[in-house]
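**Q** Show me how the following folds:
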Amino acid sequence: MPKKRLFQNVIIGVFSKIVIILLGIVIPRIIMINYGSDTNGLIITITQIFTYIALLQSGIGQAAQNELYPYIEKKDRYGISKIVSIARRYYRKISLVYAFFVMVISIVIPIIIKTNVNYQTIFLYCLFEGLTTLVAFYFTSTWIFFLNANGKTYFTNLISLLNVILCYGIKILLVCLRFNIALIQVGYFFASLISLLIYSIYMKKNYCWIDYNAADKKEKLKDRNSYVLTEVAGVVFNSTDMIILSIFFSAALSSVYSTYNMVFVALTSLIDSAYMSIKYLLGQSYNADIQTYIKCHDAFNSIFVGITTVFMCVSYILIIPFVSLYTKGVNDINYIYRWLPLMFCLIQILDRIRIVSGNLTGLAGYAKKVSKISLVEATLNVVLSFIFVHSWGINGVLLATLSVLPIKVLYVNYLSDIVILHRSIKKTLEIYGANLLIFAITVFIAQYIKIEISSYFSFFACGILLTVIFTFISTLLNCFVNKDLTKFWIDKLFITRLR
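**A** Here you go, the predicted structure:
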């Protein structure tokens, strides 16, 4: 696999994620200034509703990618066409169901939401919000998963970045001109059609050989339902804390949670963007040679758990100073909680510890078993959150999440090392142990060091310095426990073997 493509994927993926995060922070602020909190709350609510409805297509892309890898390795055009055609059939069936929900939501939401915005405006806003995603489901989703499986995430990320800049640019312009929000969403919809045109031209030019009718109508994607269950369980697992806090305490306490969570979501989304940009290497190497895959597997574990540890060490030290700065002047509730940084950081580290192994279980055909564990994990998290929140409040919901995370961590790593790779779990434990040791030492030292942050400039300066220091420490320790990682950094042997 060309070295150039690897770096393109990572750099473009991370850069596009940074732009999306920044625009995601700017847009709500502009809407609040020009239309007020009522309209901003309405827009966020509608977006959240459509995010849940979009779960209809969850699992299709992941299941299809896993089935594509062997055919890509063999350069089997018929096999590729067969999987792509099956996936497209799924996407188009789901699109019809999604279209029905778009109409229902557009009619019902204006009635049930308490807002000062009139019915017609909300109806049109919902309609064109749904149509934007509907077009993606029906046309571009099939092309995107195919290109990602081929290692061309740099291209899909570029188109995504172009789409976001164009659509958000039009939205910002129309908002500043105080257009009706329904017209703003209409403009957003038509701007998104440009990406459809680009994908269509690119696929016709480079992959005109794909036969979208190659598969028999009775053929199905393996483990698709298992991936759906895992996706739904993941949404439940990650979305219950603020809801429970709002029900049992107050929206204000939920605001405290969301302020901390905002930081960690931004950081982990950057890590996930880099991971998703080169994840195809895992799929392709698994189907090429198991020994090559093992080195790839361990390197991915060292790199991404190591990066997560670096970010969490820096976050543990700076999160309280940042929250103090961010909430300066807000006195209606206490935003400083001693144990939140520790629990948030540990949750992110444990969650990333299972990413690479979890991906392997899907490649090896264990998605169904893992989906059951995901369901157990989500259920336990909800139950424990209800129990703990009464005794420990905001700390309780995080403690519930932290308590159940080890279940899936242990299970997927057991499947990965013992069952699938038929090896000792020693190497994996050394990698995880080394990074947890770095974090533990950081927590200990931080008790005796107090950092005062008086401005955003000093915050970013301190953040950069700490990131450099922890990156140096993490790189040394990870290279020590994983000798193959050293070869990866020195002579790029890792990439050469994947050609």
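**Q** now Ser273: how far from Ile12?
**A** Counting by Cβ to Cβ, to the nearest Å, the gap from Ser273 to Ile12 is 9 Å. For the C-beta atoms, the positions are set from N, CA and C on the backbone; glycine is no exception.
**Q** Where do the strands of the stretch 101-250 of the chain begin and end?
**A** Here the stretch 101-250 of the chain has no strands by DSSP state E, counting those that start in this stretch.
**Q** Can you pull out the low-pLDDT segments for it?
**A** Low-confidence segments of the stretch 101-250 of the chain, defined by pLDDT under 70: 114, 223-243, 245-247, 249-250.
**Q** Tell me which stretches of it form helices.
**A** For the stretch 101-250 of the chain, the helices defined by DSSP state H, counting those that start in this stretch cover 119-135, 141-149, 153-176, 181-206, 224-239, 241-248.
**Q** Show me which parts of the third one are buried, residue by residue.
**A** To tie it back to what came earlier, the one meant is helix 153-176. Applying a neighbour-count criterion of 16 or more other Cβ atoms under 10 Å, one finds 153-161, 163-164, 167-168, 170-172, 174-175 buried in helix 153-176.
**Q** Ok, the first one next?
**A** Of the residues in helix 119-135, those buried under the neighbour-count criterion (16+ other Cβ under 10 Å) are 121-135.
**Q** ok so, going back, can you list residues touching both of Ser273 and Ile12?
**A** Here Ser273 and Ile12 have Asn157 as joint contacts, going by Cβ atoms under 8 Å, 6 or more residues apart in numbering.
**Q** Helix, strand, or coil at the nearest residue to Leu405 once chain neighbours are set aside?
**A** Among residues not flanking Leu405 along the chain, Leu350 sits closest, at 4.4 Å (Cβ to Cβ, 6 or more residues apart in numbering). Classification of Leu350 by DSSP: H, G, I helix; E, B strand; the rest coil places it in helix.
**Q** Give me the pLDDT for the nearest residue to Leu360 once chain neighbours are set aside.
**A** In space, and not counting its chain neighbours, Leu360 is closest to Ser416: 4.9 Å by Cβ to Cβ, 6+ apart. Here, the pLDDT recorded for Ser416 equals 88.
**Q** Could you check how far Ser416 is from Pro110?
**A** Applying Cβ to Cβ, the value for Ser416 to Pro110 is 48 Å.
**Q** what do you get for Glu67?
**A** Using Cβ to Cβ, Glu67 is found at 42 Å from Pro110.
**Q** likewise Ala191?
**A** Ala191 sits 24 Å away from Pro110 when distances are taken as Cβ to Cβ.
**Q** what does Ala182 give?
**A** 11 Å.
**Q** what touches both of the two?
**A** Joint contacts of Ala182 and Pro110 (Cβ under 8 Å, 6+ apart) are Ile122, Phe123.
**Q** quick revisit: turn the helices of the stretch 101-250 of the chain into CSV, including distance to Tyr78.
**A** Listed next are the helices of the stretch 101-250 of the chain as CSV, based on distance: least, Cβ to Cβ, whole Å:
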stretch, distance to Tyr78
helix 119-135, 29
helix 141-149, 15
helix 153-176, 24
helix 181-206, 18
helix 224-239, 21
helix 241-248, 47
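**Q** Let me know which of these is the nearest to Thr361.
**A** helix 224-239 (10.1 Å; Cβ to Cβ).
**Q** so Ala99 touches Val135, yeah?
**A** No. Ala99 lies out of contact with Val135 (Cβ atoms under 8 Å); the separation is 10.5 Å.
**Q** Nearest to Ala215, out of the helices of the stretch 101-250 of the chain?
**A** With Cβ to Cβ as the criterion, Ala215 lies closest to helix 141-149 of these, at 12.4 Å.
**Q** Which strands or helices does the closest one pack on?
**A** Using 3 or more Cβ pairs under 8 Å, 6 or more residues apart in numbering; DSSP states H and E, the elements in contact with helix 141-149 are helix 60-74, helix 77-112, helix 153-176, helix 181-206, helix 280-288.
**Q** right, so of these, which gets closest to Ala299?
**A** Nearest to Ala299, of all the helices and strands packed on helix 141-149, is helix 280-288, at 9.3 Å by Cβ to Cβ.
**Q** Contacts for the closest one next, please.
**A** Under Cβ under 8 Å, 6+ apart, the answer for helix 280-288 is 1, 6, 65-66, 69-70, 72-73, 148-151, 153, 292-293, 296-297, 300, 356, 359-360, 363-364, 498.
**Q** In PyMOL, select just the buried ones from these.
**A** Only the buried entries of the contacts of helix 280-288 go into this PyMOL selection, using 16+ other Cβ under 10 Å:
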select buried, resi 1+6+65+66+69+70+72+148+149+150+151+153+292+293+296+297+300+356+359+360+363+498
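**Q** returning to that earlier point: compare Ser416 and Pro110 (neighbour count), which wins?
**A** Ser416 (24 against 20; other Cβ atoms under 10 Å).
**Q** ok now do the more buried one, which residues does it touch?
**A** Taking Cβ under 8 Å, 6+ apart as the test, what Ser416 contacts is His297, Val356, Ser357, Leu360, Thr361, Thr428.
**Q** again, but for Ser81
**A** Contacts of Ser81 (Cβ under 8 Å, 6+ apart): Trp209, Ile210, Asp211, Tyr212, Ala214, Ala215.
**Q** Now the fifth one. Its backbone dihedrals?
**A** Phi and psi for Ala214, reported as degrees, to the nearest 10, are phi -70, psi -30.
**Q** Now it: closest residue in space that isn't a chain neighbour?
**A** Ser81 (3.8 Å).
**Q** And the one you found, how close does it get to Phe155?
**A** Taking Cβ to Cβ as the measure, Ser81 falls 20 Å from Phe155.
**Q** All set now, cheers.
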